[in-house]
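# Sequence and computational prediction follow.
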Amino acid sequence: EPGGGLYVGAHDTQGRPKTAVAAGVEGALLLDWSHGFPSEHRPTTNLAYDVVWRTGGGTWQHGADLYRDWAQSNAPWCRNRLDQRDVPPWLAKTNVFLNFSFHPQSRFNTAPRADAALKAYRDFLGLPIVACAFGWEKHGAWIGPDYFPPRGGEAYYVELSKRLAARGDHTQVFTSGFRWGVKKPVKEIRDRSKARVYTDWDGTADFLERGKAAAAINAEGKMVFQQPPWADNYILCAGSGAARDVLADCFARILDYGIAGIDLDQNIGAEVHECYSPDHGHPIGRGVWQHEVMRQFLADVRADARQRNPESFLGVEEPCEAYIPWIDAVHGRAFTDTRWPVIGPGAVSVPLYIYVYHEHQLNYAGWIDPGFSPFGDERYGIGRAFVFGMQLGVRVNTGAFQYEPGDEPTAQMVMLRDAARLMARCEKYLLLGRMLHDPTVIGSPSIVPPNTRGWGSRPALPIDWPVWSRKIRTPPTHPRTATWRGRSGPPSTA
């Protein structure tokens, strides 16, 4: 019904595995939950938490209020706000995340040249930067844990980290989490009907010798093997001590280069794959053990990181509420509405996690480019990330954010600078505050989005109509706004 709404919330304070299910069935919408348990508890068991179904009116934010109220009163991960947590103080201030890559022919091909190139961004922006060395891995992006020696050599990262730290900037790398890469496609091909062409490197023998015992095992007793477009890899079971040791050793080695930030990439929300191995010491199948082993792993590597470098930070690709106390920064994409994780016909993006948990968890936008930005325009990506209280992050090797001293900055570079500087003036709202209900904007000018050059043209809210075609041109919309409340003072609208 017009104005109607449905709230469905799993009120679980222990991080048990579960999946919200939404599917079209014979013209109707099916909503359901899938709850994960160890094999010995099947087929019947008692659910240890409530799943609340409630009808009511209002917007998605009215439903989010119900969950936020429950979490604030019950969830252990809400005990401390961001300004009360032991997040490095510099990280809770405005930084700009810059994604760059080492290449023998690039301006980043030596540590002194990379330092000079990155300093040009700091000087232009007038703010500290976090330099994320993308594709640092020995065999290419998203291939681990055989990372070392890294591309460019160990001395490159040691010197670059030292140079950046001397002026208050920081370096960062992504790891592939609990995945063991064995083959690297020459080119990402998303059409599975086409043959994959690989580089000459093959790490299968190394995996069988060192990683097989730590592999996640599926219900059929086979190792879990996956082939995303960028790599062939086996999934490691985080319940295996051997798997945790492999990744912890990688983290320690990275930190010893002086690199401040490590992201647990590809483990979406720090997920732990279900595992049916009888040899890892965990219950068979799924269960709360998945959360418990990851929680302990994050606590251990974070504690070790702080001992090695008090300014270090731990990140993850996309958020999970239950790991807030151990994750310093989330690599998120709430600013997008045209690309994963916004998938499915008619899917509409809303900043739900940010709305519920912004005052507890730092988010940065990775990465604002034509692919992830609405309408294929980075300026929309910058604007949405700013309004949603996300630290800004862009790719600088190519495209609109290429910049060297003496260059005429692009419109995107100017907007990046101006948005970041404005964020620095509004940190108590945009970095530390709580998102409130969207304001009602009266008499605002309409914006006609440009022709798209990204992955799609579905609009983000507040447009309340679905688009099913990637080729359709969108009608005029209104500016995206959000209201924030700081720890003191009146609310503020971005």
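Yes, it's here. Numbering: from 1, shown residues only.
# quick one: Ala305 is in a helix?
Yes - assignment of Ala305 by DSSP: H, G, I helix; E, B strand; the rest coil places it within a helix.
# any idea how far it lies from Ala238?
Computed as C-beta to C-beta, to the nearest Å, the Ala305 to Ala238 distance reads 18 Å. All C-beta atoms are positioned from the backbone trio N, CA, C, and that covers glycine.
# So between those two, which is more surrounded?
Taking neighbours as other C-beta atoms under 10 Å, Ala305 and Ala238 compare with Ala238 leading, 29 against 22.
# Quick one: residues contacting the more buried one.
Applying C-beta atoms under 8 Å, 6 or more residues apart in numbering, we find Ala238 in contact with Phe178, Arg244, Val272, His273, Gln290, Val293, Met294, Phe297.
# Recalculate using a threshold of 6 Å.
Going by C-beta atoms under 6 Å, 6 or more residues apart in numbering, Ala238 touches Phe178, Val272, Val293, Met294.
# what helix or strand is Ile354 on?
helix 352-357 (DSSP states H and E).
# tell me the mean pLDDT for the next helix or strand after that helix?
Sequence-wise, the next helix or strand downstream of helix 352-357 (DSSP H and E) is strand 362-365. Averaged across strand 362-365, pLDDT comes to 97.
# ok, residues contacting the next helix-or-strand element following strand 362-365?
Using DSSP H and E, the helix or strand that directly follows strand 362-365 along the chain is helix 378-387. The contact list for helix 378-387 (C-beta under 6 Å, 6+ apart) reads 335, 365, 368, 373-374, 392, 400, 412, 415-416, 419, 480, 482, 494.
# what's the spacing between the one helix or strand in the chain whose mean pLDDT sits lowest and its chain's center?
Lowest by mean pLDDT, DSSP states H and E among the helices and strands of the chain is strand 492-493, with a mean of 82. Chain-centre distance of strand 492-493: 26 Å, with C-alpha atoms, centre = their mean, to the nearest Å.
# Strand partners (parallel or antiparallel) of that strand?
Using DSSP bridges, strand 492-493 pairs in its sheet with strand 483-485 (antiparallel).
# Run through who's touching the strand it pairs with.
Against strand 483-485 from outside (C-beta under 6 Å, 6+ apart): Tyr429, Gly433, Arg434, Met435, Leu436, Pro439, Pro491, Ser492, Thr493.
# Now list the buried members of these.
Tyr429, Gly433, Arg434, Met435, Leu436, Ser492 (16 or more other C-beta atoms under 10 Å).
# Check whether the second one really touches Gly486, as I assumed.
Yes - with contact defined as C-beta atoms under 6 Å, Gly433 counts as touching Gly486 (4.6 Å).
# list residues touching both of the two?
The overlap between the contact sets of Gly433 and Gly486 (C-beta under 6 Å, 6+ apart) is empty.
# Going along the chain, name the helices of the chain.
For the chain, the helices defined by DSSP state H cover 60-74, 111-125, 154-166, 204-210, 241-256, 289-308, 352-357, 378-387, 411-425, 427-430.
# Give the buried residues for the third one.
Put plainly, it is helix 154-166. Neighbour count says helix 154-166 has Tyr156, Tyr157, Glu159, Leu160, Ser161, Arg163, Leu164, Ala165 buried, by 16+ other C-beta under 10 Å.
# who are the neighbours in contact with Thr204?
Counting by C-beta under 6 Å, 6+ apart, Thr204 has contacts Val182.
# at 10 Å what do you get?
For Thr204, the contact set (C-beta atoms under 10 Å, 6 or more residues apart in numbering) comprises Trp180, Val182, Lys183, Gly211, Asp232, Tyr234.
# what about the residue lying closest to the fourth one once chain neighbours are set aside, how many residues close to it?
For Gly211, the nearest residue in space outside its immediate sequence neighbours is Trp180; the separation is 4.6 Å by C-beta to C-beta, 6 or more residues apart in numbering. Trp180 is surrounded by 28 other residues when neighbours are defined as other C-beta under 10 Å.
# so Trp180 sits right up against Tyr234, yeah?
Yes - contact status for Trp180 versus Tyr234: in contact at 4.7 Å, counting by C-beta atoms under 10 Å.
# Make sure Ser101 is actually in contact with Glu137.
No - when contacts are counted by C-beta under 10 Å, Ser101 is not listed as touching Glu137 (11.0 Å).
# what about the two, which has more around it?
Shown here are Ser101 and Glu137; by other C-beta under 10 Å, Glu137 has more neighbours (23 against 18).
# which residues touch that one?
Going by C-beta under 10 Å, 6+ apart, Glu137 touches 143-148, 150-151, 173-176, 181, 184.
# what two of those are the furthest from one another?
The largest separation in the contacts of Glu137, counting by C-beta to C-beta, is between Val173 and Lys184 at 17.2 Å.
# circling back to that earlier point, out of the contacts of helix 378-387, which are buried?
The neighbour-count criterion (16+ other C-beta under 10 Å) marks 335, 365, 368, 373-374, 392, 400, 412, 415-416, 419, 480, 482, 494 among these as buried.
# quick one: average pLDDT of stretch 94-113?
Mean predicted confidence for stretch 94-113 is 95.
# now do the same end-to-end measure for it.
25 Å (C-alpha to C-alpha, to the nearest Å).
# these two touch, right, His360 and Ala71?
Yes - in this structure, His360 is within contact of Ala71 by C-beta under 10 Å, at 9.2 Å.
# Neighbour count: the two, which is higher?
His360 (23 against 19).
# Would you check that Gly144 makes contact with Gly177?
Yes - contact criterion C-beta under 10 Å: Gly144 and Gly177 qualify, at 8.0 Å.
# any residues in contact with both of those two?
In contact with both Gly144 and Gly177: Asn233, Leu247, Asp265, Gln266, using C-beta under 10 Å, 6+ apart.
# By neighbours, which of the residues you listed wins?
Using other C-beta under 10 Å as the neighbour criterion, Asn233 leads the shared contacts of Gly144 and Gly177 with 26 neighbours.
# how about it, what does it touch?
Listed by C-beta under 10 Å, 6+ apart, the contact partners of Asn233 are 142-144, 176-184, 203, 207, 224-227, 266.
# Same check on Ser277?
Ala213, Ala214, Ala215, Ala216, Ile217, Asn218, Gly221, Met223, Cys237, Gly239, Ser240, Ile284.
# Distance of the closest residue to the third one other than its chain neighbours relative to Gln14?
Okay, so that is Ala215. Of all residues not flanking Ala215 in the chain, Met223 sits nearest, at 4.2 Å (C-beta to C-beta, 6+ apart). Met223 is 29 Å from Gln14, where distance means C-beta to C-beta.
# which one of the two has more residues nearby?
Counting neighbours by other C-beta under 10 Å for Met223 and for Gln14 shows that Met223 has the greater number, 19 against 12.
# ok, now how distant is that one from Trp180?
As defined by C-beta to C-beta, Met223 lies at a distance of 10 Å from Trp180.
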